[in-house]
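Chemist: Sharing a model prediction with you, sequence too.
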Amino acid sequence: MKAKPKKTATKHQSMQSTKTSKNAKRKGRTTPASSAAANTVNLKEKSTCRSIILEALGRPEGASLSEISQMLGWQKHSVSAVLTGLRLTGHAILRSRDKGSDSRYRLESSV
């Protein structure tokens with residue numbers, strides 16, 4: 001009588017597990033706890049960036065998208081998305097445009 005062959009992972013399954021572990025190593029994720037800690041850090045950075053944007057908008061002259069994007073190292077569309085988020089959370093943001101220059105954004109002063 002022939003012995004039954006042992007079950008082994010298929011070629012696809014073994015390759016997939018190898019890729020996952022390599023990707024995890026590349027991204028610096030060694031345990032699930034470390035990725036949770038990374039998410040916490042990102043949330044803190046986001047709130048800090050929002051406060052930087054609010055501070056720039058609070059100046060009397062306000063700030064342009066290009067100024068804010070240079071301050072944070074972001075692209076202009078990302079800054080624009082944060083401005084939209086600030087508007088949705090209740091901040092009154094005014095936009096003005098000088099002759100031949102970028103639009104300037106500032107917080108509406110409460111009188």
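Modeler: That came through, no problem.

Chemist: okay, CA-based contacts and neighbour counts for the rest of this
Modeler: Fine.

Chemist: neighbours around residue 54, how many?
Modeler: 19 (other CA atoms under 10 Å).

Chemist: Residue 93 - nearest residue in space that isn't next to it in sequence?
Modeler: Spatial nearest neighbour of residue 93, chain neighbours left out: residue 107 (4.6 Å); criterion: CA to CA, 6 or more residues apart in numbering.

Chemist: these two touch, right, that neighbour and residue 62?
Modeler: Yes - assessed by CA atoms under 8 Å, residue 107 is found in contact with residue 62 at 7.3 Å.

Chemist: Could you list the buried residues of stretch 88-95?
Modeler: Using 16 or more other CA atoms under 10 Å as the test for burial, stretch 88-95 gives residue 93.

Chemist: what about residue 79, which SS state?
Modeler: helix (DSSP: H, G, I helix; E, B strand; the rest coil).

Chemist: go on, residue 74?
Modeler: Residue 74 is classified as coil under three-state DSSP.

Chemist: Poorly predicted segments of this structure, please.
Modeler: 1-47, 110-111 (pLDDT under 70).

Chemist: where exactly do the strands run in it?
Modeler: Along the chain, the stretches classed as strands by DSSP state E are 63-64, 93-97, 103-107.

Chemist: Before I go, just wanted to say thanks for your time.
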